[in-house]
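> fold the stuff below for me.
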Amino acid sequence: MKAVSTIEGRAIPLGLKNIDTDVIIPAHWLKTVSREGLGKGAFETIRAAPGNPFDVEDFAHAPILIAGDNFGCGSSREHAAWAMLDMGLTAVIAPSFSDIFAGNAFKNGILAVELPQEQVDRLLEVAKDQPIAIDLENQVVTTPFQDRFTFQIDPFRKRCLLEGLDEIGLTLGSESAITKHEQMREGAMPWLDKPSRRDAA
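I've put the predicted structure just below:
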């Protein structure tokens, strides 16, 4: 997983409430187990409407999405996070998130920033023609107009995102402790390593 520290650039001012995972990536895109190419189907129904923010050239390759309340509700499909990453999004700012989506986003290296509605409204206005910066280390969102909005994040999730640690990376970080435990177990309970009669046969 790629480490996340500072995310800066244009932000897509979506602002819609209750965007569920079927809107993020429609069900007919779920036939694949590959993460590649899902960005083409991300927000398909919204992108089909004329004048949607995804079609604005200034927002091409934007790393940040600004959404409304209850973002990521609906089914628990991890493809939603995959699709967002595939289209270049590495952070979402919203007043609230579905717990399942927030978990999937974290596990895939997407930073979910929760801010009060009035601060999100301000960012939606700024994002129309200015970049936005998210500093994970200091837990602050800033704009060129000196706006400075602090946000909370679970310390464990913060550490994992800053260090680029997924579940495999966390396990490998405990490799020496695991090896020590296995060596202790071999000495204390050697019968666990003996082949069974069935294996011997």
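> all the helices of this structure, residue numbers only.
Here the chain has its helices, by DSSP state H, at 21-24, 44-47, 79-86, 99-107, 117-126, 155-163, 167-173, 175-188, 197-200.
> tell me which of the ones you listed is the most buried.
helix 79-86 (a mean of 24; mean count of other CB atoms under 10 Å). C-betas here are computed from N, CA, C, even on glycine.
> packing partners for that one?
Counting contacts by 3 or more CB pairs under 8 Å, 6 or more residues apart in numbering; DSSP states H and E, helix 79-86 is packed against helix 21-24, helix 99-107.
> for residue 33, find the nearest of the helices of the chain.
Ranking the helices of the chain by proximity to residue 33 (CB to CB) places helix 79-86 first, at 9.3 Å.
> now that closest one: how far from the chain's centre is it?
Put simply, helix 79-86 sits 8 Å off its chain's centre (CA atoms, centre = their mean, to the nearest Å).
> which outside residues touch it?
Helix 79-86 is touched from outside by 21, 24-25, 29-30, 35-42, 65, 72, 92, 101, 104-105, 107-110, with contacts defined as CB atoms under 8 Å, 6 or more residues apart in numbering.
> from the residues you listed, keep the buried residues only.
Neighbour counting with 16 or more other CB atoms under 10 Å marks 21, 24-25, 29-30, 38-39, 41-42, 65, 72, 92, 101, 104-105, 108-110 as buried within the contacts of helix 79-86.
> care to break the chain down by domain?
Following automatic domain parsing, the chain resolves into domains at 6-165, 166-201.
> mean pLDDT lowest where, among those?
Looking at the domains of the chain, the lowest mean pLDDT belongs to domain 166-201 (a mean of 64).
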